[in-house]
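Novice: Starting from these lines, generate the structure:
(one chain, ligands or ions: 3)
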Amino acid sequence: MAPPAPSAGARLLLLRRLLSTATEAVAEAAAPTAAAAAPAAAAAKAGEKGGSRPLYRRLSALGGAGEGSVSRVLNKWVREGGTPRVDDLVKHVKELRKYKRHAHALELMDWMVNARGMHMSHTNHAIRLDLIYKVRGLEAAENYFASLPDPAKNHRTYGALLNCYCSAKMEEKAIDIYRKMDELGICSSRLPINNLMSLYMKLGRHGKVDSLFKEMKVKNVKPDNLTCCILMTSYASSNKIDAIEELLKEMVEKDVALGWSAYSTLASIYANAGLVEKAESALKKLEGLVGVDDGKQPFDFLMSLYASVGNLSEVNRVWDVIKAKFSKVTNTSYLGMLQALYKLNDIDRMKQIYVDWESNYENYDVRLTNMMIRGHLKLGMTDEAESLWEKAKEKGAEFDSKTCELFLDHYMGKGDMNLALNWVENMVKLPKKAGKLDQDKIHKFQKYFEEHKDADGAERFCNCLRMQGCIDGKAYESLLRTYLAAGKKSSSLRQQIKDDKIEICYDIGKLLKRMGDKGR
Ligand SMILES: *[C@@H]1O[C@H](CO)[C@@H](O)[C@H](O)[C@H]1NC(C)=O
Ligand SMILES: *[C@@H]1O[C@H](CO)[C@@H](O)[C@H](O)[C@H]1NC(C)=O
Ligand SMILES: *[C@@H]1O[C@H](CO)[C@@H](O)[C@H](O)[C@H]1NC(C)=O
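Specialist: Ligands and ions are numbered 1, 2, ... in the order given. From the prediction side, this is the model:
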């Protein structure tokens, strides 16, 4: 089977995925999390004194609780005899941060300083700065940095500020800080350079990425796997595949450990370039580098990438590895497998996987049913798609805007506008803004009802527009034209237009008159 042509969309997706890993990695390094140092269990144990429940468990149970909730938990815990220690609390901060509970992490740090007068180390200042940026924005982060005592303005806090500017894509400020760090002689690590490189890559300034890499060599800074990923992606966007191969050689010479994620980047670059054999050999390397602690993510990448090069047998083999390796296969993995098989047009295997999921799932996940519907519709198997949906409904499942969109687009594509209308009606019943019709679709519906003299259909469609809050004069003009075409009358339309707070303009007035409306 020929590999599917790499679409611009797929390429962008890859870039975005890589970039988010890259920036996360940079942020991580600027303000290291507990990922390596303190596994969840250890953090939960820390500070166990005080009350019956360990502090972290109480914090963790807060979920999405608002401001003040963290201080309340801490004060209560202290009253119950808990002894706050900087190291323990910072571990909790890092855990919360790891789960993206930035506001809670920041409140905990604020409490340490404001309520307990605890001293912040330079590293902790960097973490706090990063959290302030995430919770309160750039200006607050800048003010925090400005307020730091001079000794605390070191490579860590400067690095954290640089990271803020890079995330905010503020090139000039980022450069200023970077040059300042250079002047102070605290720029000799690869972190600030990686950070700036990844900014330039996001901005599409590939020449700058390259010159920073040269600067790195001049400064004798050893690149790492992230440097390599940024460069590979940058070269790939300029279609410089040869440069990537040179770079890889250079990394080997410099003894840089690349890790599985670098090979996954490399494999997707090759796959997008249609270099199947090279992609497959990168995937073999990727798989060989997966460690016991890497979880299931590398396998999800493997499935998706083998699908991109059109290798069904490898997709199935990796799926078997996942099933054998992990006691619980997640909805994400099932979804990834369905997507891979969809790419490969293997509807029968998709059915097997879906049945397997149906007999195993804990929580219904509409994305999987949508994927099956998409697979069937692609092959024109409309009845099967509808009955998939019916079966899911019997089990109490609810559709989402994606479901509606799939059927809507399918029926519109076939010109079955009445069937399509059913799905518009389903869509507008969803919670507000879940799905929206674009102008092109609206126009197609209106044109169809006018041409087919279908006043009932036009009324139903106008109802949908009203429910979406986007009924306008044009919609009424079309409705009136449809009435006229059908030779139908309505005495309530003028009032309805007024009720919708739409001005009766010259065109609408003329149409109303033609319909025999006397106009009052
Ligand atoms: C780079 O390697 C380190 C450790 O080897 C790993 O933790 C990190 O995820 C890797 N980052 C990238 C972007 O490959
Ligand atoms: C799939 O990959 C395997 C292992 O790399 C290879 O032996 C096989 O020839 C590939 N199959 C196809 C159809 O490309
Ligand atoms: C997917 O599974 C995770 C946990 O396994 C669950 O938290 C999440 O809600 C599921 N997603 C959907 C959309 O059901």
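Novice: Can you name the residue of the stretch 101-250 of the chain nearest ligand 1?
Specialist: At 3.6 Å from ligand 1, residue 225 is the closest residue in the stretch 101-250 of the chain, using Cβ to the nearest ligand atom. All C-beta atoms are positioned from the backbone trio N, CA, C, and that covers glycine.
Novice: who's in contact with that residue?
Specialist: By Cβ atoms under 8 Å, 6 or more residues apart in numbering, residue 225 lies in contact with 256-259, 261-262.
Novice: Look up how far ligand 3 lies from it.
Specialist: For residue 225, the distance to ligand 3 (Cβ to the nearest ligand atom, to the nearest Å) stands at 29 Å.
Novice: pLDDT score assigned to that residue?
Specialist: The score at residue 225 is 91. That number is its pLDDT.
Novice: One more: the one 5 residues further on?
Specialist: Residue 230 is assigned a predicted lDDT (pLDDT) of 94.
Novice: swap in residue 303?
Specialist: 95.
Novice: tell me the SS of it?
Specialist: helix (DSSP: H, G, I helix; E, B strand; the rest coil).
Novice: And the next helix or strand past the lowest-mean-pLDDT helix or strand in the chain?
Specialist: Every helix and strand of the chain was ranked by mean pLDDT, DSSP states H and E. The lowest is helix 40-45, at a mean of 40. Sequence order places helix 55-60 as the next helix or strand after helix 40-45, per DSSP states H and E.
Novice: phi, psi of the residue in the chain that ligand 2 sits nearest to?
Specialist: Taking Cβ to the nearest ligand atom, ligand 2 has its nearest neighbour within the chain at residue 311, 3.8 Å off. The phi/psi pair for residue 311 (degrees, to the nearest 10) reads phi -100, psi 90.
Novice: give the contact list for it.
Specialist: Residue 311 sits next to residue 280 when contact means Cβ under 8 Å, 6+ apart.
Novice: ok, back up a step: by neighbours, which of the contacts of residue 225 wins?
Specialist: Of all the contacts of residue 225, residue 262 has the most neighbours under the rule other Cβ atoms under 10 Å, reaching 24 neighbours.
Novice: Ligand 1 versus that residue, what's the distance?
Specialist: 5 Å.
Novice: Could you find the closest non-adjacent residue to that residue?
Specialist: In space, and not counting its chain neighbours, residue 262 is closest to residue 225: 4.9 Å by Cβ to Cβ, 6 or more residues apart in numbering.
Novice: residue ranges for the strands of the protein, please.
Specialist: With DSSP state E as the criterion, the chain has no strands.
Novice: what bits of it have low per-residue confidence?
Specialist: Applying pLDDT under 70 to the chain flags the ranges 1-52, 432-435, 518-520.
Novice: Kindly report the residues of it close to ligand 3.
Specialist: Residues of the chain found near ligand 3 (Cβ under 6 Å from any ligand atom) are 330-331, 363, 365, 367.
Novice: and with 8 Å instead?
Specialist: 328, 330-332, 362-367 (Cβ under 8 Å from any ligand atom).
Novice: What subset of those is buried?
Specialist: Buried residues within the residues of the chain next to ligand 3, counting neighbours by 16 or more other Cβ atoms under 10 Å: 331, 365.
Novice: which of the residues of the chain next to ligand 3 sit farthest apart?
Specialist: 328 and 366 (19.9 Å; Cβ to Cβ).
Novice: ok, now which ones touch the nearest residue to residue 467 once chain neighbours are set aside?
Specialist: Computed as Cβ to Cβ, 6+ apart, the closest residue to residue 467 that is not its neighbour in sequence is residue 428, at 4.3 Å. With contact taken as Cβ under 8 Å, 6+ apart, residue 428 is in contact with 464, 467-468.
Novice: out of these, who has the most neighbours?
Specialist: Counting neighbours by other Cβ under 10 Å, residue 464 leads the contacts of residue 428 with 20 neighbours.
Novice: quick one: that residue and residue 424 touch, right?
Specialist: Yes - Residue 464 is within contact range of residue 424, at 4.9 Å (criterion: Cβ atoms under 8 Å).
Novice: residues shared between the contacts of those two?
Specialist: residue 437.
Novice: where along the stretch 251-400 of the chain do the helices fall?
Specialist: Per DSSP state H, counting those that start in this stretch, the stretch 251-400 of the chain carries helices over the ranges 259-272, 276-289, 297-308, 312-325, 331-343, 347-358, 366-378, 382-394.
Novice: now these as CSV including distance to residue 126?
Specialist: Converted to CSV, the helices of the stretch 251-400 of the chain look like this (distance: least, Cβ to Cβ, whole Å):
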stretch, distance to residue 126
helix 259-272, 24
helix 276-289, 30
helix 297-308, 27
helix 312-325, 37
helix 331-343, 32
helix 347-358, 43
helix 366-378, 38
helix 382-394, 48
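Novice: And those: which comes nearest residue 489?
Specialist: helix 382-394 (36.4 Å).
Novice: Give me the neighbour count for residue 195.
Specialist: Counted with other Cβ under 10 Å, residues neighbouring residue 195 total 28.
Novice: Relative to residue 298, how far out is it?
Specialist: As judged by Cβ to Cβ, to the nearest Å, residue 195 and residue 298 stand 25 Å apart.
Novice: Isn't residue 472 up against residue 503?
Specialist: No - between residue 472 and residue 503 there is no contact under Cβ under 8 Å: 10.1 Å.
Novice: Just the helices from the stretch 1-150 of the chain, written as ranges.
Specialist: 8-30, 40-45, 55-60, 69-79, 86-98, 102-114, 122-136, 138-147.
Novice: what helices or strands is the fifth one leaning on?
Specialist: Applying 3 or more Cβ pairs under 8 Å, 6 or more residues apart in numbering; DSSP states H and E, one finds that helix 86-98 makes contact with helix 40-45, helix 55-60, helix 102-114, helix 122-136.
Novice: Quick one: residues in contact with the longest one.
Specialist: Residues from elsewhere that reach helix 122-136 (Cβ under 8 Å, 6+ apart): 27, 30-32, 86, 90, 93-94, 97, 102-103, 105-106, 109, 120, 140-141, 144-145, 148, 151-152, 154, 156-157, 159-161, 163-164, 167.
Novice: Out of those, which end up buried?
Specialist: Buried, going by 16+ other Cβ under 10 Å: 27, 30-32, 90, 93-94, 97, 102-103, 105-106, 109, 120, 141, 144-145, 148, 152, 154, 156-157, 159-161, 163-164, 167, out of the contacts of helix 122-136.
Novice: Would you report which members of the contacts of residue 428 are assigned to helices?
Specialist: The members of the contacts of residue 428 that map onto helices under DSSP state H are 464, 467.
Novice: ok, the contacts of residue 428 vs ligand 3, which is closest?
Specialist: Out of those, the member with the shortest distance to ligand 3 (by Cβ to the nearest ligand atom) is residue 468, at 24.5 Å.
Novice: No further queries at this time; thank you.
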